[in-house]
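Just need the structure, nothing else, for what follows:
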Amino acid sequence: KSDTPEREDCLNDFYQTWKGDLLVVGKWLGLQAGVPKTSTLDDVKALLEHESFNLANPNNVYSVIGGFCLGNPYGFHSRKNESYEFLADQVLALDKINAQVAARMVSGFTKWRQYDEERQGLLRAQLERLKGTAGLSKNTFEIVAKALTDTA
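Predicted coordinates for the structure are as follows:
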């Protein structure tokens, strides 16, 4: 079982020891985002509020949001629409800060046709939501539009 007081103690002790090393902290963030369990989305949301996380830091984004949405298929797809809405929300927030990073995070949606019908509909709805957002950057819009029109 991965949700134990001992786990939290170990993670906190590790962070206290290594918080001065940004590369190690990035791995520490990514490790937590990559745990394949249904409650990982809750952990990821908590990590977004952690003192070591900064949405303007691309490495933080790749470790936490990318680690969850792109590198943890079980965690990402187990909560279906809640996770998909989360990713779309993060893409919209990132698009205002760093459009290239936002466009990269959209790749969590680009293979939407490979999933079952229910997930396809939910993923497509988030792509449509992104596409319909006024002021979306050219980078992000292009990836979203391509994902919606590609048939493969």
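
now what about stretch 83-97, what contacts it?
41, 44-45, 55-56, 61, 65, 68-69, 75-77, 101-102, 105-106, 108-109, 122-123, 125-126, 129-130, 133, 136-137, 140 (Cβ atoms under 8 Å, 6 or more residues apart in numbering). Heads up, the C-betas are built off the backbone N, CA and C, glycines and all.

Just the buried subset of the residues you listed, please.
Using 16 or more other Cβ atoms under 10 Å as the burial test, these include 41, 44, 55, 61, 65, 68-69, 75-77, 101-102, 105-106, 108-109, 122-123, 126, 129-130, 133, 136-137, 140 as buried.

Now do the residue lying closest to Asn98 once chain neighbours are set aside against Gly26, distance only.
The spatially closest residue to Asn98, leaving aside those adjacent along the chain, is Pro58, at 6.4 Å (Cβ to Cβ, 6 or more residues apart in numbering). Pro58 sits 10 Å away from Gly26, going by Cβ to Cβ, to the nearest Å.
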